Structures are given as structure tokens and as C-alpha cells.
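Peer 1: Please work out how this folds:
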Amino acid sequence: MTKLGNFIKSFRNAHNLSLRNFATLSGLSHTYIEKLEKGVNRRSGKPLVPTIETMQAIAKATGITLLEILQVSGYIPDTPSLKQGNAVKETSDTFPEDPELKDFWDQMVKRNELQILLKQVKDLSPEAIGRLIKYIHFVEDEEVEY
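Peer 2: Next up, the predicted model:
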């Protein structure tokens, strides 16, 4: 089984999805999903290499980005700079007059426990993410004072 196959099967199991249910979510056939999970074309015995369109369909069905599915599958390296890309810089640039907040943001993007939050807000504008960062900073400051 390939990394992609393991990912799909784990996702299906975690969400109690049959091959057919996942096929419906992804827009791919259940037989193709099964082949992807096994990673091998039964007829030819050769490794199955999905197209970028297939990877996009799987990403959409699992609620992650194309970049993340390519990383999970091992097609591209899983690096913080690829995950965060320009969004980190753009968000950091929304704090030009507040060096303390900019520093807080720079530290926040490195914290593993906040990576889930960052993935959830990735589609927000840098300004909206900036407002969220201000709120998190405020809450953390309040906790420190008590």
C-alpha cells in the first residue's frame, strides 16, 4: 500500500466511509478508490500513479489542500515553508505598526499545536487572520496575568 493508499483508507476508517461513500465525496469511482488504496493496478501489476486531477478530488473530499495531499502522499516534501507559503508573509505584513504582534505571529506559526488552527483559517484574508491573531494574543496575555 502506498502513502496515498494508507491516507485514503485511514480517512475512510476514521469517518466510517465505505469505498462507495468516499467515491461519492470525491467524484471518483469506488473501483478506482480501491486501486488507489492498494497502490497497484491488478491487471498490469504496475504502481498506480494518480493524475493531479485525481489528487485534487481526493484533497477536496478529505478537506485538505492539494499541496497537503501531495505532501501526505510523499510526492513533494512536507516542509513548513511549503505549507505556509505567502500567507504567512502576507499576514505578518499586516502588523507593520505593532512589532510585538508581528513577533507573536512569527512565533505562533512555529507552534505545532496551532497548525490545525492555521489550516482552518487558510482561506481567510490576511487582515482577518490578523484580527484572529490579535484575539489569540489577547487571550494568552490574559492567561499569563492570572
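
Peer 1: switch to C-alpha atoms for all contacts and neighbour counts from now on
Peer 2: Will do.

Peer 1: Run a quick check on H30 versus R20, I expect a contact.
Peer 2: Yes: contact criterion C-alpha atoms under 8 Å: H30 and R20 qualify, at 5.1 Å.

Peer 1: what's near enough to touch S18?
Peer 2: Residues near S18 by C-alpha atoms under 8 Å, 6 or more residues apart in numbering: R12.

Peer 1: Need the pLDDT of it.
Peer 2: On the pLDDT scale, S18 is placed at 94.

Peer 1: With D78 instead?
Peer 2: Predicted confidence (pLDDT) for D78: 63.

Peer 1: so which strand or helix has E34?
Peer 2: If you go by DSSP states H and E, E34 is part of helix 30-38.

Peer 1: still on that earlier bit, find residues that contact each of H30 and R20.
Peer 2: Counting by C-alpha under 8 Å, 6+ apart, H30 and R20 have no shared contacts at all.

Peer 1: domain assignment for the chain?
Peer 2: Under the assignment named as automatic domain parsing, the residue ranges that make up the domains of the chain are 3-72, 80-145.

Peer 1: Can you tell me which of those is packed in deepest?
Peer 2: Highest mean neighbour count of these: domain 3-72, a mean of 16 (counted as mean count of other C-alpha atoms under 10 Å).

Peer 1: does K9 count as helix, strand or coil?
Peer 2: Secondary structure assignment for K9 (DSSP: H, G, I helix; E, B strand; the rest coil): helix.

Peer 1: For F104, see how far away it is.
Peer 2: Per C-alpha to C-alpha, to the nearest Å, K9 is found 38 Å from F104.

Peer 1: again, but for H30
Peer 2: With C-alpha to C-alpha as the criterion, H30 and F104 are 46 Å apart.

Peer 1: With Q56 instead?
Peer 2: In terms of C-alpha to C-alpha, Q56 sits 33 Å off from F104.

Peer 1: and R131, what pLDDT?
Peer 2: 80.

Peer 1: tell me which strands and helices the strand or helix carrying it is in contact with?
Peer 2: Using DSSP H and E, R131 sits in helix 126-145. If contacts are counted by 3 or more C-alpha pairs under 8 Å, 6 or more residues apart in numbering; DSSP states H and E, helix 126-145 sits against helix 80-92, helix 99-108.

Peer 1: quick revisit: and the helix holding E34, what does it pack against?
Peer 2: helix 3-14, helix 19-26.
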